[in-house]
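1. Return a 3D structure for these sequence lines:
(3 chains)
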Amino acid sequence: MINQKKNWKTTLQAYLYLLPMLLVLLVFCIYPIVQSFLMSIYTKYDFFTNKVGAIGWDNFRYLFADPDFYIALKNTLIFVFGVVPLTIVLSLIIALMLNKLRWFSSLFRTIYFLPFVTSTVAIAMVWNWIYHSNYGFLNYLLGLVGIQPINWLNDPHYAMWALIIMSVWKGLGFNIILFLVGLNNIDNRYYQAAAIDGANSWQQFLHITVPLLSPTTFLVTVNEIIVSFKVFDQVFALFQNSPGPSKACLTLVYYLYQKFYIENKYTIAAASGVILFLLILVVTLIQLSYSRRHVHY
Amino acid sequence: MKTNFWKKLITVVLALVLSVGSVLSTSSIPTQAAHKKTTIVFWHGLNGPYRKSLDTVVADFNKSQSQYKVVAKAQGNYSALQQKIMAAAKSQTLPVISQATYTAVPDYAKDKLIAPLDSYLGSAKLKGIYPAFAQSSKYQGKYYSVPFSKSTRIMYYNQDLMDKYNIKKPASWEEIQKDGQKLKSKNIAALTFDKSFDQEWEGLAKSAGSTFVDSKLKPQLTSKPVKNSAKFIMNMVNKKEALTAGEDLYGDKNFTSGKSIFYVGSSAGIATMKQHAPKSLKWGTMPLPSYKGKKATQFAGNDLVMYKSASKKEKQGAAAFMKYLISKKTTIKWAKMTGYVPVRKSAVESSEYQNFLKKDPTAKAAVDSLPFGFQSTAFVGFSEFRNDLVSTVDNMLTQHKPVNQALKDLQSKTKTIINQK
Amino acid sequence: MKKTMSQVLLYVIVSLGAIIMLLPFLWMISTSLKTSTETIKIPPIWIPKVLRWANYVEAFKAAPFMRYFVNSVVVTLVTTLGQIVTSILAAFAFAKLNFHGKNFLFSFFLGTMMIPGEMLLIPNFVTLSKMHLINTYGALILPYLASFFTVFMLKQSFQAVPDSIYFAAKIDGASDWGFLWRILVPMSKSSITAVTVLQMIGSWNAFMWPLIVTNDATARTLPVGLQAFTTDAGTEYQLLMAASTFVIIPMVILYLFLQKYIIAGISKSGLKG
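-> You can find the predicted model right below:
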């Protein structure tokens, strides 16, 4: 730290630096969050005139009695447990491989990162076309190896897979880069020392790479989990403004969107947002406490 | 390295700024001229050719006016339009008028967003408008909307395939079912629905004696007519005698690629069909056939509503525009350009429109359907009901939920929706 | 020998993966150049007999895409620039200054990152309409002039700059302000570039917010225009793919141009963990 002691003068100076950010976040982030949290306990509420008749826990009671909410909760968890491990394992493996390449490594890095820069709305349209049951490219490929056409977007058993595959494809690149950076930060001397001790590459991976990469892995995991819990755009665009066949891809944020914009149940939507926030908070805190014990900084 | 980086960054920024500048200077959007005229802001969800046609009609109106100027703003599509209206209502920045489905009227009226039109439309009100349209414009005894972009469900047929397999234009749904059985061995379906068949289903149910929700706001989803017609459709779909559009949303792809001989869709789809069907394909349109000896087709499309928040002057201007739109002359012109149906009987019977039908026979199916058209019962909470209805159809199609169970669930949900408001 | 074998195997696997990553792009471009009938041919054709550039013309003419493009460019540039400035200032305070409430503020804002953005749309819409900014660039830009994620990344990279440099600068007579802009920022330029590109990608691709706050072509951005176009194009996949292509390509080009700074930058910013 530049200034060692904090006093009113340094505090004033610091807040002047923070001021622009604080102003924007207060108006466009904190204030609406407070509003939404308050709205979640309004029970008799006129959304358009902002008149509150009564407050209570009815909105939360509604959620816990609504089968759709449980579907949304279940789907969100399936999505998180599908996407997060897949993304992390795949991006770690690919990063390890790219790290070993002698030529063209930057070309490959570019290619693997490319999906990340695409617009979700645009690329979901492309995937929608790839998944098409009659004319889709994916079913054609599967047909070449003798697999019957799959109705990816209309069969509730496959819709979630379709969503997960697209999300992993789009998210891999960013995580690969993070892992590559993490790998480059590991001092080569550790590997040299291990090689002298006669450790094979698997042992080296297990005892050097894994522990020394753990801060990166931790960061990637936390970030991926938060992002995956909030999944919405992909569902909205891939299933063309619907939550998938028989609500197979109704996620929590989609539920929130549907309650708010289609069914006009504003307070219920707000309550579901609060639940989602608490859910993410708890998961993140668990990860933090785990990392204190297991991540090697 | 260092200079190289900044150089690159500067070139990128410069290039972008230059491209912005050059484009802005050539294609600036005309801002609303202030003048002395009262501006009537009009939000709609029309796109492509429909949007262009609307702009023509609006320009005509503006030319005829010294007091008012209508400014039409496209909001993308209907669901975006609905979202925007909600946001605008919350922030009190609503337009003067907008498109809205008649089923949205009860909700808007309950939230005190829209104004009754009775005192603005003058004594003639909706005289001469097709009774079904006029009736659906009314809510709790007052007129809240005027019919505007109205369409009906019609049937498209593929003449080439009909000739090939010796199939006649069906007079009844039962005949279509028989055609389906006959065609099964040929690997062609008789019929394609859109992604959801709820509108055709309600049509069949109506023919057999009941709409989904009756006029006394009692849900009838477990009644015999509703149940049997759902089973009738699901039967065809399960046996692959009929298809649904799935990820295509609209069944025209299945139809134009020869996967089915008939397609039930909106009459508003004719323009798209003309634009995109292969030129070699011989196709035509006809009104929906009968079911259990009766005909019924659901009217769809949008009405126009006027928002309470507008000033008196704006409301008068809006009413003038509405009256202009439903006048005989304009509704003919609008129908000819877009394929939507004229809202007045006198317009349909006019020689101008009849001549048009002779030149363009595909438009005939929709107007021929007018005498047996009907509208669903609208009520507060309809958009929630409609959401449940579509997911019920979806459950039956994709999850193979048994019809009886699906309808029982929908019935109880609908009861809750109607009672809670 | 064994080493060469493993390198060959490595290249085979990595190339296969690369093909999978690229396939959707190739399929998109290939479809965008077909006729309607060619799109539904089985087996699929990769290179159509005649390249139908007319699809692009038709898609482009269906909506004022040029105007949307300009809007996207302006909004992306201004948003990114503004956000980088506010984030540099805030990151400096968090990284180098000591003040009351620092830890609380930091964790508090970290917590806000767990809120789904869809929840904030309507309150923000109301705020902006009170400012009379709906349907202007202002509505698209203002809420995004600060992002705690960016602050977080920059803070980590500022912390990596040793304090001794600061004291040396002080002796030479530099103020805090001068130190920040003349020494700290240039020293962190690769991180700043990296977050800039990430931010540009996010801003270019934003969809829900622009959809809600724009009413006509004055301020509407490309993804919103694309969404409206899908209704119009219906099932004409060649048109949809043509439109998708020109939404996606600008960011791909920007990325190819600046990619080497991204990896260099991320390695110096907070994301190294």
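
2. where does the residue of the stretch 201-350 of chain B found nearest chain C fall, helix, sheet strand or coil?
-> Chain C sits closest to B:Lys253 of the stretch 201-350 of chain B, with a gap of 4.2 Å, by Cβ to the nearest Cβ. For every residue, glycine as well, the C-beta is placed using N, CA and C. Look at B:Lys253: counting by DSSP: H, G, I helix; E, B strand; the rest coil, its state is helix.

3. how close does it get to A:Leu238?
-> Distance, B:Lys253 to A:Leu238, using Cβ to Cβ, to the nearest Å: 18 Å.

4. Quickly list the domain ranges of chain A.
-> Split into domains by automatic domain parsing, chain A comes to A:8-58, A:66-294.

5. quick one: the helices in chain A?
-> Along chain A, the segments classed as helices by DSSP state H run A:8-25, A:31-39, A:58-65, A:67-100, A:105-113, A:120-130, A:137-144, A:156-184, A:188-196, A:201-204, A:210-229, A:233-238, A:252-257, A:266-294.

6. Same question for the stretch 101-250 of chain C.
-> Assigned by DSSP state H, counting those that start in this stretch, the helices in the stretch 101-250 of chain C fall at C:102-112, C:121-130, C:137-141, C:148-159, C:163-171, C:176-179, C:185-187, C:189-205, C:208-213, C:222-233, C:237-268.

7. got it, and the stretch 1-150 of chain B?
-> With helices called from DSSP H, counting those that start in this stretch, the stretch 1-150 of chain B shows them at B:2-26, B:48-63, B:78-90, B:105-110, B:118-121, B:131-136.

8. again, but for the stretch 201-350 of chain B
-> Along the stretch 201-350 of chain B, the stretches classed as helices by DSSP H, counting those that start in this stretch are B:224-238, B:252-256, B:270-276, B:312-326, B:328-338, B:345-349.

9. Out of these, which is closest to B:Phe385?
-> Among these, helix B:224-238 comes nearest to B:Phe385, with 13.8 Å by Cβ to Cβ.

10. Give me the contacts around the closest one.
-> With Cβ atoms under 8 Å, 6 or more residues apart in numbering or on different chains as the test, helix B:224-238 has contacts from B:173, B:176-177, B:180, B:190-191, B:193, B:197, B:200-201, B:204-210, B:212, B:220-221, B:242-244, B:291, B:396-397, B:403-404, B:406-407.

11. do stretch C:139-147 as well
-> Contacts of stretch C:139-147 with the rest of the structure, by Cβ under 8 Å, 6+ apart, involve A:20-21, A:23-25, A:28, C:71, C:75, C:78-79, C:82-83, C:86-87, C:90, C:124, C:128, C:131, C:133, C:199, C:203, C:206, C:209-210, C:213-214, C:219, C:221.

12. and the residue nearest to B:Glu200 when sequence neighbours are not counted, how many neighbours?
-> Counting by Cβ to Cβ, 6 or more residues apart in numbering or on different chains, B:Glu200 lies nearest to B:Val264, which is 5.4 Å off, once chain neighbours are set aside. Neighbourhood size, B:Val264 [other Cβ atoms under 10 Å in any protein chain shown]: 24.

13. Now do stretch A:169-181: distance to the chain's middle.
-> Offset of stretch A:169-181 from its chain centre (Cα atoms, centre = their mean, to the nearest Å): 13 Å.

14. re earlier: nearest to B:Ile167, out of the helices of the stretch 101-250 of chain C?
-> Distance to B:Ile167, taken as Cβ to Cβ, is lowest for helix C:237-268 among the helices of the stretch 101-250 of chain C, at 29.2 Å.

15. Near chain B, which residues of the stretch 101-250 of chain A are found?
-> Residues of the stretch 101-250 of chain A lying close to chain B by Cβ under 8 Å from any Cβ of the partner chain are A:128, A:131-134, A:151, A:153-156, A:240-242, A:245-248.

16. If any of the residues you listed are buried, give me the PyMOL selection for them.
-> The following PyMOL line selects those of these that are buried, judged by 16 or more other Cβ atoms under 10 Å in any protein chain shown:
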select buried, chain A and resi 128+131+132+133+134+151+153+154+155+156+240+242+245+246+247+248
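
17. Could you find the closest non-adjacent residue to the residue of the stretch 151-273 of chain C found nearest chain B?
-> Of the residues in the stretch 151-273 of chain C, the one nearest chain B is C:Ala228, at a distance of 3.6 Å by Cβ to the nearest Cβ. Nearest residue to C:Ala228 in three dimensions, chain neighbours excluded: B:Gly76, at 3.6 Å (Cβ to Cβ, 6+ apart).

18. residues near the closest residue to chain C within the stretch 101-250 of chain A, how many?
-> For the stretch 101-250 of chain A and chain C, the shortest gap (Cβ to the nearest Cβ) falls at A:Pro215, measuring 3.2 Å. As a burial measure, A:Pro215 scores 17 neighbours (other Cβ under 10 Å).

19. ok, now B:Thr416?
-> By other Cβ under 10 Å, 12 other residues sit near B:Thr416.

20. what does B:Gln375 give?
-> Residue neighbour count, defined by other Cβ under 10 Å, stands at 19 for B:Gln375.

21. likewise B:Thr39?
-> There are 16 residues near B:Thr39, going by other Cβ under 10 Å.

22. which one is the closest residue to chain B within the stretch 51-200 of chain C nearest to, not counting chain neighbours?
-> Nearest to chain B in the stretch 51-200 of chain C, going by Cβ to the nearest Cβ, is C:Ser129, at a distance of 3.5 Å. Closest residue in space to C:Ser129, ignoring its immediate chain neighbours: B:Ser91 at 3.5 Å, by Cβ to Cβ, 6+ apart.

23. now the chain, which segments are flagged as low pLDDT?
-> I went with chain A, as the question did not name one. Scanning chain A for pLDDT under 70 picks out the ranges A:1-4, A:296-297.

24. switch to chain C, that's the one I care about
-> Looking at chain C by pLDDT under 70, you get C:1, C:263-273.

25. Next, name the residue at the spatial heart of it.
-> The structure's chain C has its C-alpha centroid closest to C:Ile201; by Cα atoms, centre = their mean the separation is 1.2 Å.

26. residues touching that one, list them.
-> Per Cβ under 8 Å, 6+ apart, neighbours of C:Ile201: A:Phe116, A:Val117, C:Met251, C:Tyr255.
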